[in-house]
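S.K.: got a sequence here, can you build the structure:
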Amino acid sequence: MGMRSNRGFTLIELMISLVIAGILAAVAVPVFIESSARNSVWTASETIGSQIRQARLKAISRNTLFRVRFDCPAVGQFRVLVVTGNPAIDDAVDRCNATQQYDSGVFAMPPLVSFGVVNTLTVSGRGIFTSAGVIPQTITVTYGTRSRTLTVSATGQITFSAF
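M.R.: Model prediction:
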């Protein structure tokens, strides 16, 4: 019988270990990518919903109109803006870049996440929403093939679709 060293692994043992690690990686990477996509869509839709709720709260507490404007100031961003009553300010082309007291900051969607084409939502001091489009307003947040829809009613109730 020949002498066998106990100090290391054989080439076959190393190859089997690499094959097992490769199989685990092949299974784990798609799961991680899917999880990341779901998380991005979930977080973005929750951010939009929370800012719509915040706009309603601001409007009621200040008895003032507020607008939630999408693609403001750039594509994939949105803001909650106070309506000052001065058309020169409220309807200005650069309104999204100007900040008035009670305006929110700019909220941006995560990379590769979008909310499509959404009409501006206006909320009155009584908490009632209107839109240039149809109320209830539907906003669909997407990332690749993943999407989540939120619907805003005239009274400000927000409902989310199931994933």
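
S.K.: alpha carbons only for contacts and neighbour counts from here, please
M.R.: Noted.

S.K.: tell me where this protein has helices.
M.R.: Applying DSSP state H to the chain gives helices spanning 11-62, 87-90.

S.K.: center of this structure - which residue?
M.R.: For the chain, the residue nearest the mean C-alpha position is Ala44 (1.4 Å; CA atoms, centre = their mean).

S.K.: isn't that residue up against Val141?
M.R.: Yes. Counting by CA atoms under 8 Å, Ala44 touches Val141, with 7.2 Å between them.

S.K.: which residues do these two both contact?
M.R.: Shared contacts of Ala44 and Val141 (CA atoms under 8 Å, 6 or more residues apart in numbering): Val113.

S.K.: could you find the closest non-adjacent residue to Ala44?
M.R.: Residue nearest to Ala44 in three dimensions, not counting chain neighbours: Met109, with 6.1 Å by CA to CA, 6 or more residues apart in numbering.

S.K.: list the contacts for that neighbour?
M.R.: Ala44, Gly76, Gln77.

S.K.: how much space separates it from Arg69?
M.R.: In this view, Met109 and Arg69 are 14 Å apart by CA to CA, to the nearest Å.

S.K.: what do you get for Asp91?
M.R.: In terms of CA to CA, Asp91 sits 12 Å off from Arg69.

S.K.: the more surrounded of the two?
M.R.: Between Asp91 and Arg69, Arg69 has the larger neighbour count (other CA atoms under 10 Å), namely 18 against 12.

S.K.: over to the spatially closest residue to the more buried one that is not a sequence neighbour: give its phi and psi.
M.R.: In space, and not counting its chain neighbours, Arg69 is closest to Thr120: 4.8 Å by CA to CA, 6+ apart. Main-chain torsions, Thr120, degrees, to the nearest 10: phi -60, psi 130.

S.K.: pretty sure Thr120 is touching Cys72, no?
M.R.: No. With contact defined as CA under 8 Å, Thr120 does not reach Cys72; the gap is 9.9 Å.

S.K.: residues touching Val68, list them.
M.R.: Val68 is in contact with Ile52, Ala55, Phe78, Arg79, Val80, Leu81, Thr120, Leu121, Thr122, counting by CA under 8 Å, 6+ apart.
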